[in-house]
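K.L.:
Quick check, what structure comes out for this input:
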Amino acid sequence: MTSLSCNGAAILRPEPKGSRTEIALLQFLEKCGIDYELEREIKLVNAATYKFPFSSARKRMGIVLEYEGNQRLFEKGGSDKITAVCTHFYKRSTDEIIPIDENLKNKIDEAIKTMAD
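P.N.:
Modelled structure (predicted):
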């Protein structure tokens, strides 16, 4: 949820502005009872240590935040661009960080394709 709220490109008030996808993500946060404006203010004003603005060459944007005592990079962009630079995967069910091998990369790509269809 943190990564969704840290998108500074879209707003809902006074009227929705931004891409339809970004607006839908912010509306989703609000339906979950999360005040995206408050989250954004807390995270971006108090915790942001570096921002990578969207670049058409990189096809992604990112922000480094202080998160649970560590610095964490939150990125969003084209799935092919994001996965191309990923080397590890956090497996929540076992609380492990595992290397992305060819088999796992194929599973990730297939999951992305399924969601896009």
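K.L.:
quick one: contacts for residue 50?
P.N.:
Counting by C-beta atoms under 8 Å, 6 or more residues apart in numbering, residue 50 touches 63, 64. Every residue, glycine included, has its C-beta placed from N, CA and C.
K.L.:
What of residue 104?
P.N.:
Residues in contact with residue 104, defined by C-beta under 8 Å, 6+ apart, are 89, 98.
K.L.:
Number the residues from 39 up from this point.
P.N.:
Sure thing, new numbering starts at 39, so read that last one as residue 142.
K.L.:
Please, which helix or strand holds it?
P.N.:
helix 140-154 (DSSP states H and E).
K.L.:
Any buried residues in that helix, and which?
P.N.:
residue 146 (16 or more other C-beta atoms under 10 Å).
K.L.:
export it as CSV, just CAs?
P.N.:
Only the C-alpha atoms of helix 140-154 are listed here, as CSV (Å, rounded to 0.1, in the frame of the first residue of the first chain):
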residue,chain,number,x,y,z
GLU,A,140,14.9,-18.6,-15.2
ASN,A,141,12.1,-20.8,-13.8
LEU,A,142,10.9,-18.1,-11.4
LYS,A,143,11.3,-15.4,-14.0
ASN,A,144,9.0,-17.4,-16.3
LYS,A,145,6.4,-17.8,-13.5
ILE,A,146,6.5,-14.1,-12.8
ASP,A,147,6.1,-13.2,-16.5
GLU,A,148,3.2,-15.7,-16.9
ALA,A,149,1.5,-14.2,-13.8
ILE,A,150,1.9,-10.7,-15.3
LYS,A,151,0.5,-11.9,-18.7
THR,A,152,-2.5,-13.5,-16.9
MET,A,153,-3.3,-10.2,-15.1
ALA,A,154,-2.9,-8.2,-18.3
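K.L.:
Just give me how far that helix sits from the chain centre.
P.N.:
17 Å (C-alpha atoms, centre = their mean, to the nearest Å).
K.L.:
now it: mean pLDDT?
P.N.:
The average of the pLDDT scores along helix 140-154 is 91.
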